[in-house]
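> Got a predicted structure here, sequence first:
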Amino acid sequence: MVLKRMSDNSFIYDLRNKKGWIIGCFKEKNYYDSYLQLGKTSFVEPWSDPDVHYHSHAQEIYIVLNGEMWIPVGKDTILRVKEKGLLLVQPNVPHSVIGGKGKIQHIGIKVPHKEDKKINVRKNESAINEGCLKKYNQNSINSSKGFLADLNDKKNQNCWLLGLGTATYKTKELCLAFMSYTNENETKKNEHDNSLHYHSKSTEWYLNITGEQKLLVEKDQITVPEGCLLKIPPMKAHKILSYSYPFEGFTMRTPIFLMIK
Ligand SMILES: [Fe+2]
Ligand SMILES: [Fe+2]
């Protein structure tokens, strides 16, 4: 499942046809990361969690790539996280999954997860049908509880959605951007500073959903295939060289510290 381990300790993980938690505080050191827990489902039927729960430390992020997930957050809200929807739930906010539509493929992230405890609040009554959803707020979440974004919306593409500074939703835990380019001109138009740089303490992650991207990491030219995840450890100089089109993917950085050029 580790597609390639580079000489500089970067990794490419093959996530195609993979399900369950993949990166996290696991014994296997190739998959270990103390901040980021990352997993996915792969075209499964909608499901219902038995437990309504909250997390003591971790923000939980659901990114729905296919299908739709129904996620209660607090008391009167059941969010419909539709295809290309991203939901962040803050720590201490009760949530669960109670159903959905279609074949679900989603990315799950918890950060920071090393100290995190899952606290069960109560049992879920039962899975609900689509008609019941109408009684609830389905589209918005109070910013103290989290963040819901439609990744189809251009304003949420090619910019920091989560993070500090100019990010749409401010958080100290994780920088996250959704990159979506249909051709090279679009890449050039949207390209931010892409000079060779490294992060003194942060790990950077590149997750390709559609298409591939080529990066320079130290002296290696690395091609990250579609459906794969690249991990760049701290202190490793890197820069993006090119994409194949159409391209869609996520760039993530955690923990957040200042960048050194
Ligand atoms: Fe959770
Ligand atoms: Fe970087």
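Sure, I can see it. Ligands and ions are numbered 1, 2, ... in the order given.
> pretty sure residue 31 is in contact with residue 25, am I right?
No. Between residue 31 and residue 25 no contact is recorded; they are 9.4 Å apart, counting by Cβ atoms under 8 Å. C-beta here means a position set from N, CA and C on the backbone, and glycine is covered the same way.
> Give the residues shared as contacts by the two.
Residues touching both residue 31 and residue 25 (Cβ atoms under 8 Å, 6 or more residues apart in numbering): none.
> Tell me the buried residues in stretch 236-251?
Buried residues in stretch 236-251, defined by neighbour count with 16 or more other Cβ atoms under 10 Å: 236, 238, 240, 243, 247-251.
> Endpoints of it, how far apart?
16 Å (Cα to Cα, to the nearest Å).
> Need the residues that contact it.
8-10, 63, 107, 175-184, 187, 194-198, 204-218, 221, 232.
> Pull the distance from it to the chain's centre.
16 Å (Cα atoms, centre = their mean, to the nearest Å).
> and residue 13, what does it touch?
Residue 13 touches 1-3, 22-23, 31, 228-231, counting by Cβ under 8 Å, 6+ apart.
> go again using 6 Å as the cut-off
2, 229 (Cβ atoms under 6 Å, 6 or more residues apart in numbering).
> how would you label it: helix, strand or coil?
strand (DSSP: H, G, I helix; E, B strand; the rest coil).
> Show me what it is bridged to.
Judged by DSSP bridges, the bridge partners of residue 13 are residue 2, residue 229.
> I'd like the distance between it and residue 40.
Applying Cβ to Cβ, to the nearest Å, the value for residue 13 to residue 40 is 11 Å.
> Quick check: phi and psi on the closest residue to residue 85 other than its chain neighbours?
Using Cβ to Cβ, 6 or more residues apart in numbering and skipping the chain neighbours, the partner closest in space to residue 85 is residue 64 (4.9 Å). Backbone torsions of residue 64, given as degrees, to the nearest 10, read phi -90, psi 120.
> now residue 187
phi -60, psi -50.
> can you check residue 188 too?
According to degrees, to the nearest 10, residue 188 has phi -60, psi -40.
> give me the number of residues near it?
Neighbour count for residue 188, taken as other Cβ atoms under 10 Å: 9.
> Kindly report the same for residue 162.
Residue 162: 26 neighbours (other Cβ under 10 Å).
> Test my guess that it contacts residue 173.
No. Between residue 162 and residue 173 there is no contact under Cβ atoms under 6 Å: 8.0 Å.
> center of the chain, which residue is that?
With distances taken as Cα atoms, centre = their mean, the chain has residue 109 as the residue nearest its mean C-alpha position (5.4 Å).
> Tell me if that residue really is in a strand.
Yes. Judged by three-state DSSP, residue 109 forms part of a strand.
> is it true that it touches residue 38?
Yes. In terms of Cβ under 6 Å, residue 109 counts as a neighbour of residue 38; the distance is 5.4 Å.
> any idea which helix or strand carries residue 72?
Here residue 72 sits within strand 59-72, counting by DSSP states H and E.
> For that strand, could you pull out the residues that count as buried?
By 16+ other Cβ under 10 Å, the buried positions in strand 59-72 come out as 59-65, 67-72.
> Could you do stretch 180-193 as well?
Buried-residue list, stretch 180-193, by 16+ other Cβ under 10 Å: 180-181, 186-187.
> can you check stretch 81-90 too?
81-90.
> can you list these in JSON lines and add pLDDT?
Below are these laid out as JSON lines (pLDDT from 0 to 100):
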{"residue": "81", "pLDDT": "97"}
{"residue": "82", "pLDDT": "97"}
{"residue": "83", "pLDDT": "98"}
{"residue": "84", "pLDDT": "98"}
{"residue": "85", "pLDDT": "98"}
{"residue": "86", "pLDDT": "98"}
{"residue": "87", "pLDDT": "98"}
{"residue": "88", "pLDDT": "98"}
{"residue": "89", "pLDDT": "98"}
{"residue": "90", "pLDDT": "97"}
